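In: Need coordinates for the following:
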Amino acid sequence: MGKDMRLSQVTARIGRLGLAAALVALGVGLLAMAPARPLQAQASDVVIDAATADLGERLSVAPGDFEVLRLASVIWNNGCIGAAEQNEACTEAEVPGFALWLSDGAVAYRYHSDTTAAALRLAESMIPLSQVPVAPLPQGATPALALERFLDLLAGAGFDEIVVQELAALRDWIPGAFSPHYIVGDATLEIFEVATVGEVDAAIERLQQFGGDAELGEDQALWRYETLIVILLTSSERAEIRGILSGLIGAPTVETTLTAPRPRPSAAALDTSVAALIDALGRAEIEAMQTDVAVHRPFLPPDALSAVLRAGDTSIEVYALLDPDAVAQAVRDASADSAASVGWVIWTRGSTLVLIEGLGRESRALLDVISEVFGATAFLGEGVAGPAPEPIVDAPGAPEALPATGNGGIDDDEAPLWVWGVIAAVAVGAIAAGGAYRIWLRGRTP
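Out: Next comes the predicted model:
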């Protein structure tokens, strides 16, 4: 009898432990299901909630009755956050935070805060509503640099090596703004910075007027972040980078779809061409090394892959495009802009294009070596002396573009983390229950 009771107690204890482990695993799965709130939204929501609660208490009004007229992300020049009291000693450190204008329907109230609302001050009351949109930032506040904060967010998400391509992109519907190409992992981003949030609204409205999805481009996504417009151009791991960006700054404002599978330029073609070029330069006793600089030219398609070699005082740009047709079109586009292509020399082979801009001291020898590898020049810009370019043809053995890589190996049907959490919970519970049942059976056996 005592033995049975002890076995029952052990069985119950094991069962409780199994249930606890299952609940822990299930909790992990459920936490993974919860969508991440954008970090900036979390900070501003905390400040808005704290300010409306404070103003509601002051005016004996429900916090939900107030309207947010304006929210500016700023850097306060000291710990008094732009609202120092008389004879108050302020810490000298700069404080990131917000200037917030609230309305009760009749007048506005301006609050100053840090990013957590731990420091929150009502700085000005009874402001005419008409003055809020045009009011300068409060004294002691400077605009926070939205671009720096966004790049910091990317670095915090694991993208600590962001390559900035020198050439700028322009969009007709974002007048007066331009963007380099930012290479984040294998993704290409355009990041446009304008002066105010209102200009972001106006740009997105113009985008819709200009044609919306067709104007933005196929298989692209646009996010807004404070005074930034962020556009995801290309990525072989599109679903992953889209999820990361959405977790940081919210869901895309505009997103287009891919109407057909999109093949990608071949990284193997680029590597093969770079290796062949370095080998040929070495045989000619010309020292060359590959740099970590990424470049792009406006006449090339956005998904072109690039590498830059440095030989003496000359840069050699090597590009891999989708196929020979894309290369031929790129050469035609380059030759159509005679002003921009002054001093250019271009060679092509298969899906690869090589470009030199400006002739250094070693350039004559370089021209001979590159022509040895890639054949006759395909384009000579104004100011470059040399033999006339020959028609573009595929050289024997030219590297070809690889087949389309889809989404870079990411399985669209791959189970999310919460599914594995639920499976783990069931498995742990089943193992615990099975163990308890076997102990109980042994206790019942004479």
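In: any low-confidence regions in this structure?
Out: 1-43, 166-168, 211-214, 258-262, 359-363, 383-422, 424-446 (pLDDT under 70).
In: Can you pull the domain assignment for it?
Out: As given by automatic domain parsing, the domain ranges for the chain are 39-143, 146-255, 267-380.
In: can I get these in TSV with distance to residue 423 and mean neighbour count?
Out: Just so you know, the C-beta spots here come from the backbone N, C-alpha and C atoms, and that holds for glycine as well. TSV is the format used below for the domains of the chain (distance: least, C-beta to C-beta, whole Å; neighbours: other C-beta atoms under 10 Å):
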stretch	distance to residue 423	mean neighbour count
domain 39-143	30	16
domain 146-255	21	17
domain 267-380	36	18
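In: measure residue 248 to residue 84 for me?
Out: 34 Å (C-beta to C-beta, to the nearest Å).
In: just residue 113 next, same as before
Out: Distance from residue 113 to residue 84, counting by C-beta to C-beta: 15 Å.
In: swap in residue 254?
Out: According to C-beta to C-beta, residue 254 and residue 84 sit 43 Å apart.
In: what do you get for residue 348?
Out: Per C-beta to C-beta, residue 348 is found 66 Å from residue 84.
In: same thing with residue 380?
Out: Computed with C-beta to C-beta, the distance linking residue 380 and residue 84 is 66 Å.
In: How about residue 209?
Out: 46 Å.
In: just residue 187 next, same as before
Out: 45 Å.
In: who's in contact with the closest residue to residue 165 other than its chain neighbours?
Out: Leaving aside its chain neighbours, residue 165 sits nearest to residue 181 (4.1 Å; criterion: C-beta to C-beta, 6 or more residues apart in numbering). By C-beta atoms under 8 Å, 6 or more residues apart in numbering, the contact set of residue 181 is 164, 165, 167, 169, 188, 189, 190, 233, 294, 296, 302.
In: Residue 181 should be in a strand, yeah?
Out: Yes - Residue 181 sits within a strand when classified using DSSP: H, G, I helix; E, B strand; the rest coil.
In: what bridges to it?
Out: For residue 181, the beta-bridge partners are residue 190 (DSSP bridges).
In: What ranges does the stretch 301-446 of the chain have for its strands?
Out: Per DSSP state E, counting those that start in this stretch, the stretch 301-446 of the chain carries strands over the ranges 305-311, 314-320, 344-349, 352-357, 379-380.
In: helices and strands around the first one, which ones?
Out: Just to be clear, that refers to strand 305-311. Contacts defined by 3 or more C-beta pairs under 8 Å, 6 or more residues apart in numbering; DSSP states H and E place strand 305-311 against helix 267-283, strand 289-290, strand 314-320.
In: Kindly report the same for the last one.
Out: Under the contact criterion of 3+ C-beta pairs under 8 Å, 6+ apart, strand 379-380 touches helix 324-336, strand 344-349.
In: could I get the ones you listed as CSV with distance to residue 318?
Out: Converted to CSV, these look like this (distance: least, C-beta to C-beta, whole Å):
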stretch, distance to residue 318
helix 324-336, 12
strand 344-349, 10
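In: Of all the ones you listed, which one is nearest residue 272?
Out: Taking C-beta to C-beta, strand 344-349 is the member of the helices and strands packed on strand 379-380 nearest to residue 272, at 10.0 Å.
In: Export only the CA atoms of that closest one, formatted as CSV.
Out: Taking Å, rounded to 0.1, in the frame of the first residue of the first chain, the C-alpha atoms of strand 344-349 are listed here in CSV:
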residue,chain,number,x,y,z
TRP,A,344,34.9,55.9,-70.4
VAL,A,345,36.3,52.7,-71.9
ILE,A,346,34.0,49.6,-71.9
TRP,A,347,34.6,46.0,-72.7
THR,A,348,32.1,43.2,-72.7
ARG,A,349,32.1,39.4,-72.7
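In: when you give positions from now on, start the count at 47
Out: Sure thing, new numbering starts at 47, so read that last one as strand 390-395.
In: what separates it from the chain centre, distance-wise?
Out: Centre-to-centre, strand 390-395 and its host chain are 32 Å apart (C-alpha atoms, centre = their mean, to the nearest Å).
In: And stretch 358-372, by the same measure?
Out: When C-alpha coordinates are averaged (C-alpha atoms, centre = their mean), stretch 358-372 and its chain have centres 25 Å apart.
In: thinking again about what came up before, adding distance to residue 331, write the strands of the stretch 347-492 of the chain out as CSV.
Out: Formatted as CSV, those follow (distance: least, C-beta to C-beta, whole Å):
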stretch, distance to residue 331
strand 351-357, 11
strand 360-366, 15
strand 390-395, 21
strand 398-403, 19
strand 425-426, 26
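In: Which among the ones you listed is found nearest to residue 243?
Out: With C-beta to C-beta as the criterion, residue 243 lies closest to strand 351-357 of the strands of the stretch 347-492 of the chain, at 34.4 Å.
In: mind checking how far stretch 419-428 is from the chain centre?
Out: 36 Å.
In: okay, how far is it across that stretch, tip to tip?
Out: Using C-alpha to C-alpha, to the nearest Å, one end of stretch 419-428 lies 23 Å from the other.
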